[in-house]
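Undergrad: here is the input, now give the coordinates:
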Amino acid sequence: MQQTTKKVKQVPCPNCKALSDFSPENAYRPFCSARCQMIDLGDWANETYRIPEKTPAIDLDDLN
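TA: Okay, the predicted model is just below:
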């Protein structure tokens, strides 16, 4: 009986760029560790990442 080895996809960690397994066994995927996952969460909480606003800001003085 021949045993097959399943190839696990590896992706670069969004934070440190180290290769990490992208599989259900990696609880932190796509991150390599809990540390990198928490650094990313902190960046979101500190509003480092933002979705750009498509509409220009309206000057309230122009409305009168």
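Undergrad: in this structure, which spans are helices?
TA: Remark: helices assigned in the chain by DSSP state H are 34-45.
Undergrad: where does it dip in pLDDT?
TA: The model of the chain has pLDDT under 70 over residues 1-4, 62-64.
Undergrad: what about the strands in it?
TA: 10-12, 19-21 (DSSP state E).
Undergrad: check which helices and strands the first one sits against.
TA: Using 3 or more CB pairs under 8 Å, 6 or more residues apart in numbering; DSSP states H and E as the contact criterion, the secondary-structure elements in contact with strand 10-12 are strand 19-21. From N, CA and C alone the C-beta is placed, and that goes for glycine too.
Undergrad: buried set for the strand it packs on?
TA: Judged by neighbour count (16 or more other CB atoms under 10 Å), strand 19-21 contains these buried residues: residue 20.
Undergrad: need the strands of the chain in CSV (columns: distance to residue 35).
TA: Listed next are the strands of the chain as CSV, based on distance: least, CB to CB, whole Å:
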stretch, distance to residue 35
strand 10-12, 16
strand 19-21, 12
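Undergrad: closest to residue 43 out of the ones you listed?
TA: When those are compared for distance to residue 43 using CB to CB, the nearest one is strand 10-12, at 16.8 Å.
Undergrad: contacts for that closest one?
TA: With CB atoms under 8 Å, 6 or more residues apart in numbering as the test, strand 10-12 has contacts from 18-22, 29-30.
Undergrad: related to what we said a few turns ago, residue 48: which of the strands of the chain is closest?
TA: Using CB to CB as the criterion, the shortest distance between residue 48 and the strands of the chain is 19.1 Å, found for strand 10-12.
Undergrad: strand partners (parallel or antiparallel) of the closest one?
TA: For strand 10-12, the pairing partners within the sheet under DSSP bridges are strand 19-21 (antiparallel).
Undergrad: on that earlier part again, out of the strands of the chain, nearest to residue 60?
TA: With respect to residue 60, and counting by CB to CB, the nearest of the strands of the chain is strand 10-12 at 45.3 Å.
Undergrad: can you pull the contacts of residue 32?
TA: Applying CB under 8 Å, 6+ apart, one finds that residue 32 lies in contact with 13, 15-16, 18-20.
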